[in-house]
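Here is a sequence with its predicted model. Questions after.
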Amino acid sequence: MASAPIFRAKLGITPTCWRNADFPDIGRDIAAADIIDGIKQCSATSPSGAEVRYRGTSLAPYFKEPELKRLGSEPHPLTITEPWVSTFFTEYGGAKKTLDAFDELLSLFQDNDLPLKRLGVAEFGNAVHLEPDTPLSERPRFSQRQWENLVTGLNDLGKQCRQHGIELCYHPHMGTGVQSQQDMDRLMAATDAESVKLLLDTGHLTWAGGDPVAAVRRHGRRIKHVHLKNVRPDIVETALGENHSFKQAVLAGVFTVPGDRGGVDFEGVVKELRRVGYDGKWLVVEAEQKLKDVQEGNAYAQKALGFLAGLGLGAES
């Protein structure tokens with residue numbers, strides 16, 4: 001049985017642990033309804049002696065109206081942890097494209113009477129991670145003007161979010177112009193701390209050569225959402241050495257869940273999050289892998305739960 005909880009958190013898991021959101025060919029045979037049922041099954045059968053369950057999931061593009069209703073149904077209703085809007089502030093005409101997407105998302109949540117408390121975003125202007133054969137070394141490096149446009153756009157969108165009671169959480173992402181720890185630091189220093197928060201993804205930051213524990217120490221008060229994502233160091237090394245694309249690395253198994261073979265110091269991350277007062281907020285397990293069926297995804301989800309319980313992590317009801 002786990003010792004007293006390090007701290008209590010709202011635990012979620014992304015549907016990308018079963019079926020990819022960016023590349024439809026990865027996991028296309030796994031039905032969206034089966035993913036939701038898998039998450040609920042894990043919530044009903046948490047590790048023995050552990051007070052750890054999944055309470056939510058992020059929004060996937062293959063979740064349509066029937067899936068949205070299924071999420072909220074009994075037993076074990078699931079909260080949507082964070083929807084997503086890709087921003088394009090560094091591209092010509094990208095501000096309107098971004099704001100239109102945000103308005104569409106607001107309407108979706110309002111029409112379905114869904115709560116919207118936080119929003120995940122990343123700048124996809126000129127990004128290469130969705131191009132299956134383009135190596136990550138060709139990711140964009142923003143000009144000074146592009147950085148200025150990005151900062152202005154995020155500040156403005158963040159202010160709009162605040163008017164609706166939403167926290168805008170920026171996600172540094174492989175293959176984009178805000179990828180490395182240095183990029184993240186620059187963005188946090190330039191943006192309005194009240195309007196732009198940080199979504200810490202432990203896997204992306206580690207792959208980019210950063211240190212998630214150090215990131216929490218530096219930006220802890222602005223971290224309002226966390227993806228607990230693991231990376232396999234040998235595959236990272238191969239992907240960097242052979243100049244792979246994002247998709248090539250994903251197919252090779254670069255990402256996995258906490259508790260599987262990987263290189264992220266989750267114990268250090270959790271302890272540092274506790275120190276900065278992250279109690280009661282979302283920790284969302286995430287991975288992107290090519291799986292044979294929904295049962296394999298369920299097994300990874302349960303493995304992550306067992307690992308988090310072993311860290312002494314307690315779940316908020």
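Arrived safely. From a predicted model like this one, the values you see are computed outputs, not experimental measurements.

Flag the shaky bits of the stretch 1-150 of the chain, pLDDT-wise.
Scanning the stretch 1-150 of the chain with the threshold set as pLDDT under 70 gives 1-6, 45-51.

Quick check: the gap between the residue most central in space within the chain and residue 17.
For the chain, residue 227 is the residue whose C-alpha lies nearest the centre (Cα atoms, centre = their mean; 4.4 Å). Between residue 227 and residue 17 the computed distance is 11 Å (Cβ to Cβ, to the nearest Å). Glycine gets a C-beta too; all of them are placed from N, C-alpha and C.

Quick check: neighbours shared by those two?
285-286 (Cβ atoms under 8 Å, 6 or more residues apart in numbering).

Can you verify the residue nearest to the centre of the chain is assigned to a helix?
No - Residue 227: not assigned to a helix; according to DSSP: H, G, I helix; E, B strand; the rest coil it is strand.

dump the residue contacts of it.
Counting by Cβ under 8 Å, 6+ apart, residue 227 has contacts 14, 171, 199-204, 284-286.

where do the strands sit along the stretch 1-150 of the chain?
Along the stretch 1-150 of the chain, the stretches classed as strands by DSSP state E, counting those that start in this stretch are 8-13, 56-57, 79-80, 84-87, 118-123.

Sheet partners, orientation included, of the fourth one?
For strand 84-87, sheet partners with direction are given as strand 118-123 (parallel), following DSSP bridges.

quick one: contacts of the strand it pairs with?
58, 81-90, 102, 105, 150, 154, 157, 161, 166-173, 176-178, 197, 199, 224-225, 282.

So which of those residues are in helices?
Residues of those located in helices (DSSP state H): 102, 105, 150, 154, 157, 161.

of all those residues, which comes closest to residue 233?
Checking the ones in helices among the contacts of strand 118-123 against residue 233 by Cβ to Cβ gives residue 150 as the nearest, at 30.6 Å.

dump the residue contacts of that closest one.
87, 89-90, 123, 125, 142, 177-178, 187.

Report the spatially nearest residue to it, omitting neighbours in sequence.
For residue 150, ignoring the flanking residues on the chain, the nearest one in space by Cβ to Cβ, 6 or more residues apart in numbering is residue 89 at 4.8 Å.

residues near that neighbour, how many?
Using other Cβ atoms under 10 Å, residue 89 is surrounded by 24 other residues.

residues contacting it?
Taking Cβ under 8 Å, 6+ apart, one finds 95, 98, 123, 125, 149-150, 152-154 in contact with residue 89.

now residue 226
Residue 226 touches 199-202, 269, 273, 278, 281-284, counting by Cβ under 8 Å, 6+ apart.

10 Å instead, please
By Cβ atoms under 10 Å, 6 or more residues apart in numbering, the residues touching residue 226 are 9, 12, 169, 198-202, 212, 216, 269-270, 273, 278, 281-286.

Okay, and which of the residues you listed map to strands?
Per DSSP state E, strands hold the following members of the contacts of residue 226: 9, 12, 169, 198-201, 282-286.

These: which two are farthest apart?
Counting by Cβ to Cβ, the most remote pair of the ones in strands among the contacts of residue 226 is 198 and 285, 18.4 Å apart.

ok, and what's touching the host helix or strand of residue 219?
Residue 219 is part of helix 212-219, with elements assigned from DSSP states H and E. Helix 212-219 has contacts (Cβ under 10 Å, 6+ apart) with 172, 181, 184-185, 188-189, 193, 197-198, 200-206, 211, 223, 226, 228-229, 264-276, 278.

Narrow these to just the buried residues.
172, 181, 184, 188, 197-198, 200-206, 211, 223, 226, 228-229, 264, 266-267, 269-274, 278 (16 or more other Cβ atoms under 10 Å).

still on that earlier bit, can you give me the buried ones in the helix holding residue 219?
212-213, 215-216, 218-219.

And for stretch 156-176?
By neighbour count on 16+ other Cβ under 10 Å, the buried set for stretch 156-176 is 156-158, 160-161, 166-176.

Send me that stretch as CSV with only the CA atoms.
What follows is stretch 156-176 as a C-alpha-only set of coordinates in CSV (Å, rounded to 0.1, in the frame of the first residue of the first chain):
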residue,chain,number,x,y,z
ASP,A,156,-4.6,39.0,-26.5
LEU,A,157,-6.0,35.5,-26.7
GLY,A,158,-5.2,35.0,-23.0
LYS,A,159,-7.2,38.1,-22.1
GLN,A,160,-10.1,36.9,-24.1
CYS,A,161,-9.9,33.5,-22.2
ARG,A,162,-9.8,35.3,-18.9
GLN,A,163,-13.1,37.1,-19.8
HIS,A,164,-14.7,33.6,-20.1
GLY,A,165,-13.0,32.3,-16.9
ILE,A,166,-10.5,30.2,-18.9
GLU,A,167,-6.8,29.8,-18.3
LEU,A,168,-4.7,29.8,-21.4
CYS,A,169,-1.9,27.2,-21.0
TYR,A,170,1.0,27.2,-23.5
HIS,A,171,2.5,23.8,-24.5
PRO,A,172,6.1,23.8,-25.8
HIS,A,173,6.0,21.1,-28.5
MET,A,174,8.5,19.2,-30.6
GLY,A,175,8.8,20.4,-34.2
THR,A,176,7.5,23.9,-33.4
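
No further queries at this time; thank you.
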